[in-house]
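Undergrad: coords below, sequence missing:
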């Protein structure tokens, strides 16, 4: 297996793990926010991350015949934004929930940004870029939610 091939597989594993963390984090957020209008939106974002993860897992399986269960990546170990979620949610503080969502999105954007160095095949880079654009949109949405909460509560 070539070095480029190994790097592509590792990158896919890292992105899958980032999306798994986002999926869990948004599910946790939807369960811990007190505002019904945000519960559904946060749950949908969890589902979106599950779709992103599935898309990347399909590439890994079909194109690289890699069925390995994705373990914690370096990126995920270095920054446990989503996994530390419960500790930040004490008392169901809506702003704290959205602060953690914002931090998680910033982390995901940084991690995705690091994969665009020419080492991925074009079709995988296109998938990752599409996902990155949606994550950037989500970050804007989370920031709007925070602003709404600050203005109304």
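TA: Received the coordinates, thanks. Everything quoted here is computed from the prediction, not taken from an experiment.
Undergrad: only C-alpha atoms for contact and neighbour calcs from this point on.
TA: Noted.
Undergrad: hmm, residue 31 is touching residue 38, no?
TA: No - using C-alpha atoms under 8 Å, residue 31 is not in contact with residue 38; the gap is 10.1 Å.
Undergrad: who's in contact with residue 15?
TA: Residue 15 makes contacts with 53, 56, 111-112, as judged by C-alpha atoms under 8 Å, 6 or more residues apart in numbering.
Undergrad: repeat that for residue 59.
TA: Per C-alpha under 8 Å, 6+ apart, neighbours of residue 59: residue 124.
Undergrad: before we move on, what about residue 50?
TA: Contact analysis of residue 50 by C-alpha under 8 Å, 6+ apart lists 19-20, 23.
Undergrad: from these, which land in helices?
TA: Judged by DSSP state H, those include 19-20, 23 as members of helices.
Undergrad: now stretch 38-51, how far from the centre of its chain.
TA: A distance of 11 Å separates the centroid of the chain from that of stretch 38-51, by C-alpha atoms, centre = their mean, to the nearest Å.
Undergrad: my guess is residue 9 contacts residue 63. True?
TA: No - counting by C-alpha under 8 Å, residue 9 does not reach residue 63; the two are 9.9 Å apart.
Undergrad: neighbour count winner among those two?
TA: Neighbour count, other C-alpha atoms under 10 Å: between residue 9 and residue 63, residue 9 has more, with 18 against 10.
Undergrad: any idea how far residue 51 is from the more buried one?
TA: Computed as C-alpha to C-alpha, to the nearest Å, the residue 9 to residue 51 distance reads 19 Å.
Undergrad: re the thing from before, and which of the contacts of residue 50 is nearest residue 152?
TA: Ranked by distance to residue 152 (C-alpha to C-alpha), these are led by residue 23 at 27.7 Å.
Undergrad: can you tell me, leaving aside adjacent residues, what's nearest to the closest one?
TA: In this structure, residue 23 finds its nearest non-sequential neighbour in residue 46, 4.2 Å apart by C-alpha to C-alpha, 6 or more residues apart in numbering.
Undergrad: host element of the one you found?
TA: helix 36-64 (DSSP states H and E).
Undergrad: show me the common contact partners of residue 31 and residue 38, please.
TA: Counting by C-alpha under 8 Å, 6+ apart, nothing touches both residue 31 and residue 38.
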